[in-house]
Structures are given as C-alpha cells and as structure tokens.
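**Student:** Next come a sequence and a model predicted from it.
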Amino acid sequence: MPKFYILPILIFSFFCNKLPEPVISSIDNILAENEIIQSELLNEKIPKLENLKLKVNLSLESSKEIPELNAKLKKLATTLNLSNVPKEELFLILSNFSEQLSEVLISSNIKTEHHKFYCPMVSKYWIAKGIDVKNPYAPEMRDCGELVK
C-alpha cells in the first residue's frame, strides 16, 4: 500500500474511536449487572455486589490494549473493594461506582440508553436505563433526583 494512503486511514481510525467488540460487550455486562442492583435497591433489598465486581474485573482483561480505558476501569474496580458494610456505606460505594462508571461511558464514547442521575437530598449518584428518575437510595422519595447532563 502506498504511504500516502496510510495517513487518511490513521485519521479515520482516530476519529471513529471504535472499541473492540469484547470491550463493548464487557461494558454492556457491567451496565446489565448495574440494572439488577438498581432493581434490587428499588425493591428495598440489599444487593450483593460480587457479580458486579466479577464483570468489572473481566472488563479489565478485555481492555488491556486500551490504556486510558483500562485505567478508568481499574479505578472503577477499586470502588468495589468491600465486605459486609452497613447500608449507608454500601450506598456511598454504589454512588462512587456510578460516578466512575459514568466516566468510563463518556471516555469510551459508548452510546447507551443509560444515564447518570443525582439526588441532592441524599447526595448520591446512580446510573439507570432511560430518563425517568427512580431514586434507588430513598424509598420515601423515589422521584427525587435529576438527570445529570
């Protein structure tokens, strides 16, 4: 291939910024597990985070070739280092996890139906599918919160 064809290909690749399918799939798995956790919280159950931690660790493996994304996923994984914590501490962990997950989604440029929300009354974030506010942290005020742009 002549050298003058390489530059347009590199420019096109740079601007497309398409992630490999295994990386996209692993992030989709994290979002799916996050949905399960949100559902449990909305039903006033205390979720187990082992599956979420497993999905995040698997995404670390698939993203090794993308250093910036891998670093963000490592940060995401560190938010899940926990064992039998009180409910309020669990909520804080999930809020921090949601903030980190939002950064992963933004930096990886993945188009998704999931959005970041914030409730000023409990000072916590969550990621949920759709645009309807369903606060997982406060059963008495499920509609308290806002979509974060």
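**Tutor:** Structure's in. What do you need? Numbers count the residues shown, from 1 in each chain.
**Student:** for the residue nearest to the spatial centre of the chain, helix, strand, or coil?
**Tutor:** Centroid-nearest residue in the chain, with C-alpha atoms, centre = their mean: Leu101, separated by 2.7 Å. Under DSSP: H, G, I helix; E, B strand; the rest coil, Leu101 falls in the helix class.
**Student:** What pLDDT does the model give it?
**Tutor:** Leu101 is assigned 94 on the pLDDT scale.
**Student:** for stretch 72-91, which positions count as buried?
**Tutor:** Across stretch 72-91, burial judged by 16 or more other C-beta atoms under 10 Å covers 72-73, 76-77, 79-80, 90-91. The way it works is simple: take the backbone N, C-alpha and C, and place the C-beta from them, glycine included.
**Student:** could you pull out the helices for this protein?
**Tutor:** For the chain, helices defined by DSSP state H occupy the ranges 3-16, 21-42, 50-62, 67-78, 87-108.
**Student:** pLDDT below threshold where in this structure?
**Tutor:** Applying pLDDT under 70 to the chain picks out residues 1-17, 82-83.
**Student:** ok, 90 please
**Tutor:** Residues of the chain meeting the criterion pLDDT under 90: 1-19, 46-51, 62, 65, 76-87, 107-111, 149.
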